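>>> model this:
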Amino acid sequence: MVTETTRATGAAILREVIGDEYFSKREASTNSFNADARAMSEAYCFGEVWARPGLERKTRSILCIGMLVALGKPAELKLHVAGAIRNGCTTDEIKEVILQTMIYCGLPACVEAMKVAEEALREMGVHPAG
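Down below sits the predicted model:
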């Protein structure tokens, strides 16, 4: 059973990763249909896993980028690229993660990921590497 403390911890970590603006929009759009899924995300994903001491947030962000490229989830990838910057990743590190995925996930996944990452970085006012 997830406690309110775990969920509150998760919500705080989620806010730090996705940023205040996105978190506020997320909160404002919570309704009876999506509330349970969002509560589970806060509690389990961020309150249990992201709160664990075994990996730094930067490493977790790098892992998320690679997995999201592999899964072909551009909307989540965009969110996690921005989160990776907040968690201390450089644009060069993000680029290298995406290039690494080219070999294991294929060129189309990498091309799409590069476009999404560049868009996320521009929106944050961060200039892509190079």
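>>> going forward, measure contacts between C-alpha atoms and count neighbours the same way
Will do.
>>> so how far is residue 93 from the residue nearest to the spatial centre of the chain?
The chain has residue 80 as the residue nearest its centroid, 2.4 Å off, counting by Cα atoms, centre = their mean. Distance, residue 80 to residue 93, using Cα to Cα, to the nearest Å: 13 Å.
>>> need the CA coordinates for the helix or strand hosting residue 63. CSV is fine.
For residue 63, the host element (DSSP states H and E) is helix 57-71. Output of helix 57-71 as CSV, limited to C-alpha atoms (Å, rounded to 0.1, in the frame of the first residue of the first chain):
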residue,chain,number,x,y,z
ARG,A,57,18.8,11.5,-11.1
LYS,A,58,21.1,12.3,-14.0
THR,A,59,21.7,8.6,-14.6
ARG,A,60,17.9,7.9,-14.3
SER,A,61,17.3,10.6,-17.0
ILE,A,62,19.9,9.0,-19.3
LEU,A,63,18.2,5.7,-18.9
CYS,A,64,14.8,7.2,-19.6
ILE,A,65,16.0,8.8,-22.8
GLY,A,66,17.4,5.6,-24.1
MET,A,67,14.3,3.6,-23.2
LEU,A,68,11.9,6.2,-24.6
VAL,A,69,13.8,6.2,-27.9
ALA,A,70,13.6,2.4,-28.0
LEU,A,71,9.9,2.5,-27.3
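>>> and the angle from the next helix or strand after that helix to helix 57-71?
Proceeding C-terminally, helix 57-71 gives way to helix 74-86 as the next helix or strand, assigned by DSSP H and E. Angle of helix 74-86 versus helix 57-71, following axes from the mean of the first three to the mean of the last three Cα atoms, to 10 degrees, is 160 degrees.
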